[in-house]
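Trainee: Sequence and predicted structure are below.
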Amino acid sequence: MSEELHDVRLMVNGATHELRVPARRLLSDALRHDLRLTGTHVGCEHGVCGACTVLVDGAPMRSCLMFAVSAEGAEVTTVEGLANPDGSLGPVQQAFAECHGLQCGFCTPGFLTTITAGLRENPTPTHEEAREMVAGNLCRCTGYQNIVKAVERAAELGS
Amino acid sequence: MTTKLMGQAVQRVEDQRFLRGLGRYVDDVAVEQDVLHAAVLRSPHAHARILDIDVSEVLDVEGVHAVYTYDDLASCTPQMAEPLPLLIPHPSLTHGRTQHALAKDEVNYVGEAIAFVVADDRYVAEDAVGRIRVDYELLPPVVGVEAARAAAVLVHDDVPGNVAARMEQSVGDAPAAIAAAPHRLALDLTVERSACMPMEGRGTVARWDPDLNRLQVWTSTQSSTGVRAAVAVKMGLDLGQVDVITPDVGGGFGVKINHPWPEELLVPMAARALGRTVKFTEDRREHFISSAHERGQVQHIEVGFDDDGRLHGLDVEFWHDHGAFIPYGLIVPIITSTQLLGPYKPQSYRVRFESLYTNTVMVTPYRGAGRPQGCYAMERTMDAIADYLGKDRAEVRAVNFIQPDEFPFDQGLVFQDGRELEYDSGDYPAMLEKTKALVGWDEFPAFRAEMAAEGRQVGIGLACYVEGTGVGPYEGAHVHIETNGKVKVATGLTTQGQGHATVFAQLVADELGCSFEDVEVVTGDTRRMPYAVGTFASRAAVMSGSAIHLAAKRAKEKVLRIAAEALEADEKDLQIVDGVVSVKGSPGTSIDLGTVSVLSNPLRYAFDEKSKAATQFSIGDPGKPPVAEDDEPGLEGKDFYSPERATFASGMHAVIVETDPETAEITILKYAVVHDCGHLINPMIVEGQIHGGVAQGVGGALYERMAYDESGQLLNASFMDFLMPYVTEVPDGIDIDHLETPSPLNPLGIKGAGEAGVIPSAAVFAAAVEDAERGRLPDFTIRAMPISPSELFHLRESQGQEQTS
């Protein structure tokens, strides 16, 4: 028996995509495998690590905990959508490069999206608030020291 | 002259891709294509006989292309049905056992692969896995060192006592020296299991190309040449028919050095059989139950010492739980048994270990690779001696240090690479002084009193280690200067986030005089460098860094030879700056590297203005062959680096913790690291490695453990339950100081840095928490790690009762 497919319209990084997917297709898989936006990574499949975080209507969401059909009509921003219009690195990305905020790079997209949303809400975080902003994402390489510095640097760069 | 890049905090070139979401990890490979996806049926039982496997319902599932069980493996090749290779044999490993790619007759741990399904997508493949029926006859499982030693049940029927190996090394007569020593102590210690847990799990993609009769494999590994050789053997292919490409890897920390994983063989097998690209991407639960763990040991230590705390004899026995199989041999326990000695001279030493089978996930190296356990044993012993003598813990360590004028210092043991355990350089007394200053060791009593006045209890700990890094046998490098002046560099070992594309480019730019931006580094691609070993043992900078330096030197020699001829100058008078060769003092007389490359390769055909200059009608002496007898075309340099033995990095960590008198919560107030990895190539990257190691160490010391129940079920196989540190668990700031004692063994004077940050964690936290608790319970001791707040709470209760009764 073949699976029932559903039409879904995803608006990702400003472009509209029409997809036919099963109801159970995760947003993370739709982004990665159907739209080939492989910048969004999947680290745990149960919403704990935050690597797959994307912005849905501006709010950070774990794309492994959301069905693609649930994103119908929403504006989705992935790591591929964080660069400046001229192609240069956006402020959070730039801050990560300057502060050595990444090593293997696998968790990085989730941090970048999370911090982008966090700094929109609080553009001038205190040190404690900078730590708090990334406290829901796991990184196994950096020990977080330079990620926190990158949050503070991104705030300086004015995201 | 341009500034040397060696030692500079150069920003990483790979970040430009990673930060834009343009990294290419294994699950990103072939995403544009019509790929088939695999899922694995894994054993739900720790120990059982397989009576029957019924796959009849699986092929009815729409979208399923194939299902394989053990009985199907021989149809690929006979060797596919044989056990997986025992990668590192050793004379002491008398009972080495490895698993099959798919379980044959019996399963020995929860998670062992039983069947392999290939389908249109992973969802369908998992549906199909759910329809496979297996009849099991349950067998009693062996869980934990105690059960393994008791051997009431055997993991493998043909392995008596569950013992894979017994090994002993000794220097002098330690038991006699201990018996004759003025003082003696004995300690019993345990360390729990933890695991690497890279954010990206394992994964493999394979494509069989019938037009080229060739297999291409992408895999998330720490040894692409190792996977290549294993796949070729198992698939019955010539090595030359197999390419293994390691794309970006989302963290390794050791677990990805083991190979071949069952899926690294099953994916190529299915790809060839089905004529389609096949992908396997491990999920997180699979990573917990079917990759590898590390750390679990039980240790018994006896030590004899004098009034100053100077060791007279050290006698260590330990039991190493290596899980259900032992494909990676004895590397971890051998490292524990040798690196345990750290910066100290024990006078006489005996170490014995047994490596034991249990019905749990197998054990292979995790960052530190046996050193954290060894450091824990040695440093707990140092603390116990200081406590016994009533002396300062730093002083007791200092009297046992190898002194700076004693290098090279031969410990008289055989190391993990089969070579002598001979330390090449170091300065431990200077390092201790730096560490004490950095953490405020001498000021701590005043701080403790100040805190106590506020009703707060704090403690301080210190731990020292020596780490053999950069083990052989070799690595190689190839440097190719293209006609456009770009410099393409290849080395065969792999990269998992260490910034190799940056640090290796720094070395090439320095040696060759080209611009840093013109260097492009490729790692882990057997098409570009087929001779390589792998990324482990903190060896990439030492091994490939040295090989790249040597290869760049060779390329430079050729550049100067050709340029000297072209510029009609003496080689000695030439310099290369920013990719231009010029005569010193006469900058107008110059030639760029691209043009030298053109001149290096005589052409018959011209494609553009540049290549026109290289045709036989334009260059060369008509009286000589276009390529001289001892020369070859092209501007390339290739070389290999193969050291006599490892180079020994060292470090000391000190931590100040606060323990809550009521809740037993443990808070880190200060964390200090002094580290000696010889000359630094890129201090920013070295510090990043230390930060990451410390965080993993905090996890291993305070939070992480593999919680197996008595039936062999891993109860915490998710990120929800296995507690890896978030930012909230790591110290807010790590104070780092460096000492640079260059290694005499390699041309750059460098030592490895990758694993250092994690080695002393269990030791240093045990010491600091114990010290904090002694404010209220003077005899409080920690003999098991990790220690969580609830464990500390219970330990207080039990030891408090003992001390008041």
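Mentor: On my side now, so go ahead.
Trainee: Show me which helix runs longest in chain B.
Mentor: If you go by DSSP state H, chain B has its longest helix at helix B:540-567.
Trainee: next helix or strand past it?
Mentor: On the C-terminal side of helix B:540-567, the closest following helix or strand by DSSP states H and E is strand B:574-577.
Trainee: same question for that next one, mean pLDDT?
Mentor: For strand B:574-577, mean pLDDT is 96.
Trainee: repeat for stretch B:113-129
Mentor: The average pLDDT for stretch B:113-129 rounds to 97.
Trainee: and it, is it in reach of chain A?
Mentor: Yes - in terms of Cβ under 8 Å from any Cβ of the partner chain, part of stretch B:113-129 sits within range of chain A, namely B:121-123. For the C-beta atoms, the positions are set from N, CA and C on the backbone; glycine is no exception.
Trainee: looking at this, B:Phe18 is in a strand?
Mentor: No - B:Phe18 is assigned helix when assessed by DSSP: H, G, I helix; E, B strand; the rest coil, not a strand.
Trainee: Can you get me a residue count around the nearest residue to it once chain neighbours are set aside?
Mentor: Residue nearest to B:Phe18 in three dimensions, not counting chain neighbours: A:Gly105, with 3.3 Å by Cβ to Cβ, 6 or more residues apart in numbering or on different chains. Other residues near A:Gly105 come to 28 when the count uses other Cβ atoms under 10 Å in any protein chain shown.
Trainee: Which secondary structure state is assigned to A:Gly105?
Mentor: Secondary structure, three-state DSSP: A:Gly105 is coil.
Trainee: And B:Ile591, by the same measure?
Mentor: What three-state DSSP gives for B:Ile591 is strand.
Trainee: quick one: contacts for it?
Mentor: When contacts are counted by Cβ atoms under 8 Å, 6 or more residues apart in numbering or on different chains, B:Ile591 touches B:563, B:566-567, B:580-582.
Trainee: Apply 10 Å and report the result again.
Mentor: Neighbouring residues of B:Ile591 by Cβ atoms under 10 Å, 6 or more residues apart in numbering or on different chains: B:559, B:562-564, B:566-567, B:574, B:576, B:580-583, B:598-599.
Trainee: bridging residues for it?
Mentor: Legend: beta-bridge partners of B:Ile591 under DSSP bridges are B:Val581.
Trainee: For B:Ser582, see how far away it is.
Mentor: 8 Å (Cβ to Cβ, to the nearest Å).
Trainee: Touching both of the two, which residues are there?
Mentor: Residues touching both B:Ile591 and B:Ser582 (Cβ under 10 Å, 6+ apart): B:563, B:567, B:574, B:576.
Trainee: Tell me the confidence at the nearest residue to the second one once chain neighbours are set aside?
Mentor: Of all residues beyond its chain neighbours, the one nearest B:Leu567 is B:Thr589 (5.5 Å), with distances taken as Cβ to Cβ, 6+ apart. The model reports B:Thr589 with a pLDDT of 89.
Trainee: Tell me which of the residues of stretch B:113-129 next to chain A fall in strands.
Mentor: Using DSSP state E, no member of the residues of stretch B:113-129 next to chain A falls in strands.
Trainee: which ones among these are found in helices?
Mentor: B:122-123.
Trainee: contacting residues for the one residue in chain A that gets nearest to chain B?
Mentor: Nearest residue of chain A to chain B, counting by Cβ to the nearest Cβ: A:Gly39, 2.0 Å away. Applying Cβ under 10 Å, 6+ apart, we find A:Gly39 in contact with A:13, A:31-32, A:54, A:78-82, A:105, A:108-109, A:112-113, B:17-23, B:28.
Trainee: any idea how far A:Ala74 is from whichever residue of the stretch 401-550 of chain B sits closest to chain A?
Mentor: The nearest approach of the stretch 401-550 of chain B to chain A comes at B:Gly497, 2.9 Å away (Cβ to the nearest Cβ). According to Cβ to Cβ, B:Gly497 stands 32 Å off from A:Ala74.
Trainee: Tell me how many other residues crowd B:Ile734.
Mentor: Using other Cβ under 10 Å: B:Ile734 sits among 22 other residues.
Trainee: pretty sure it contacts B:Ala654?
Mentor: No - judged on Cβ atoms under 10 Å, B:Ile734 makes no contact with B:Ala654 at a distance of 11.2 Å.
Trainee: which residues are in contact with both of those two?
Mentor: Here B:Ile734 and B:Ala654 have B:670-673 as joint contacts, going by Cβ under 10 Å, 6+ apart.
Trainee: What subset of these is buried?
Mentor: Neighbour counting with 16 or more other Cβ atoms under 10 Å in any protein chain shown marks B:670-673 as buried within those.
Trainee: which parts of the stretch 401-550 of chain B sit against chain A?
Mentor: B:495-499 (Cβ under 10 Å from any Cβ of the partner chain).
Trainee: tell me the two of those that are most distant?
Mentor: Pairwise distances across these (Cβ to Cβ) peak at 10.4 Å, for the pair B:Gln496 and B:Gly499.
Trainee: sorry, back to before: could the shared contacts of B:Ile734 and B:Ala654 go into CSV alongside pLDDT, secondary structure and distance to B:Gly370?
Mentor: Compiled in CSV, the shared contacts of B:Ile734 and B:Ala654 are given as follows (pLDDT from 0 to 100; DSSP: H, G, I helix; E, B strand; the rest coil; distance: Cβ to Cβ, whole Å):
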residue, pLDDT, secondary structure, distance to B:Gly370
B:Lys670, 98, strand, 28
B:Tyr671, 98, strand, 23
B:Ala672, 98, strand, 24
B:Val673, 98, strand, 21
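Trainee: quick check, nearest of those residues to B:Gly144?
Mentor: Closest approach between the shared contacts of B:Ile734 and B:Ala654 and B:Gly144, by Cβ to Cβ: B:Tyr671, at 31.6 Å.
Trainee: so what's the nearest residue to the closest one once chain neighbours are set aside up against?
Mentor: Distances taken as Cβ to Cβ, 6+ apart place B:Pro731 nearest to B:Tyr671, at 4.2 Å, with adjacent residues excluded. Listed by Cβ under 10 Å, 6+ apart, the contact set of B:Pro731 reads A:143-145, B:655-657, B:667-672, B:691, B:694-695, B:698.
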